[in-house]
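>>> fold the following and give me the result.
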Amino acid sequence: MIAVEGLSKIYGHGSARVTALDNVSLEIKTGEFVAVMGPSGSGKSTFLNVLGCLERPSAGRYFLDGRDVTSLDEDELADLRNRRLGFVFQTFNLLPRYDVLHNVELPLIYAGVPRKERQERAKAIIERLGLGHRLKHRPPALSGGEQQRVAIARALVNNPALILADEPTGNLDSRNSHEIMALFRELHAEGRTIVMVTHEPDIARYAGRILYFLDGAVVREEAVPA
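The predicted model follows:
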């Protein structure tokens with residue numbers, strides 16, 4: 001599904017120049033669950049942002065399902081993000097003024113899906129994640145685990161081929177963290193491709209493969225026994 005060739009990302013110029021990604025080449029197969037680890041500043045979040053079409057690389061190429069993403073214009077990238085990718089963030093990124101249903105509907109609103117259809121789809125995924133009783137609640141009234149489930153519902157509502165998760169358990173306690181990871185494991189078992197950044201070794205081991213970043217490069221990888 002994913003192939004990157006000589007991927008580099010440089011910020012700044014001259015003495016302020018920082019290399020966030022340094023000539024990264026790798027592949028991630030369709031249906032894989034891959035964890036990305038490394039110390040702060042190692043390039044793991046930048047790598048995820050490039051995969052999510054949130055940042056353009058400074059050099060190299062990125063292919064998604066054989067399509068050269070680096071050649072797309074901004075409108076094409078926005079369409080790809082909305083239709084093919086699902087994002088889950090550490091800080092949930094929910095809109096506090098809107099209820100659960102409206103937060104989950106947002107990608108469908110941007111995609112121009114008619115109101116009745118988008119509400120039905122949003123309700124179905126919310127109920128699947130055990131939050132049917134919270135449809136009209138706003139995020140501040142929810143626990144951290146519930147907010148992350150809403151964020152996952154929003155990521156899934158467009159039935160994306162690829163889920164990108166940046167520290168999805170970073171703001172959760174141990175019990176909620178493992179409940180969320182059990183949900184990710186279910187999504188993976190359904191055939192979804194997942195790439196997840198984490199700093200927690202026990203969370204990384206829910207994946208099938210772990211990539212270790214250091215100074216913008218992949219320095220090793222590890223297969224996780226089933």
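
>>> and the strands in the chain, which stretches?
2-11, 18-28, 33-37, 59-64, 67-68, 85-89, 162-166, 193-197, 209-214, 217-223 (DSSP state E).

>>> give the residue spans of this structure that score low on pLDDT.
Within the chain, no range satisfies pLDDT under 70.

>>> which residue is nearest the centroid of it?
Central residue of the chain (CA atoms, centre = their mean): Leu164, 1.7 Å from the mean position.

>>> so who does it touch?
Leu48, Leu51, Gly52, Leu85, Gly86, Phe87, Val88, Ile194, Val195, Met196 (CB atoms under 8 Å, 6 or more residues apart in numbering). The C-beta positions use only the backbone N, C-alpha and C, and glycine is treated the same way.

>>> report the longest helix in this structure, please.
Scanning the chain for the helix with the most residues, using DSSP state H, yields helix 174-189.

>>> next, the buried residues of that helix.
Neighbour counts over helix 174-189 (16 or more other CB atoms under 10 Å) mark Asn176, Ser177, Ile180, Met181, Leu183, Phe184, Leu187, His188 as buried.

>>> quick check, nearest of those residues to Glu5?
Glu5 has its nearest neighbour among the buried residues of helix 174-189 in His188, at 25.6 Å by CB to CB.

>>> who touches the closest one in this structure?
His188 neighbours (CB under 8 Å, 6+ apart): Gly31, Phe33, Ile194, Gly208.

>>> filter these to the buried ones?
The buried subset of the contacts of His188 - by 16+ other CB under 10 Å - is Phe33, Ile194, Gly208.

>>> now the last one: closest residue in space that isn't a chain neighbour?
To tie it back to what came earlier, the one meant is Gly208. Phe33 (4.9 Å; CB to CB, 6 or more residues apart in numbering).

>>> pretty sure that neighbour is touching Arg205, no?
No. Counting by CB atoms under 8 Å, Phe33 does not reach Arg205; the two are 10.7 Å apart.

>>> quick revisit: kindly reformat the buried residues of helix 174-189 as JSON lines and extend each row with distance to Glu146.
Formatted as JSON lines, the buried residues of helix 174-189 follow (distance: CB to CB, whole Å):
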{"residue": "Asn176", "distance to Glu146": "9"}
{"residue": "Ser177", "distance to Glu146": "14"}
{"residue": "Ile180", "distance to Glu146": "11"}
{"residue": "Met181", "distance to Glu146": "16"}
{"residue": "Leu183", "distance to Glu146": "12"}
{"residue": "Phe184", "distance to Glu146": "16"}
{"residue": "Leu187", "distance to Glu146": "18"}
{"residue": "His188", "distance to Glu146": "22"}
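
>>> what about stretch 127-145, distance to the chain center?
How far stretch 127-145 lies from its chain's middle: 20 Å, per CA atoms, centre = their mean, to the nearest Å.
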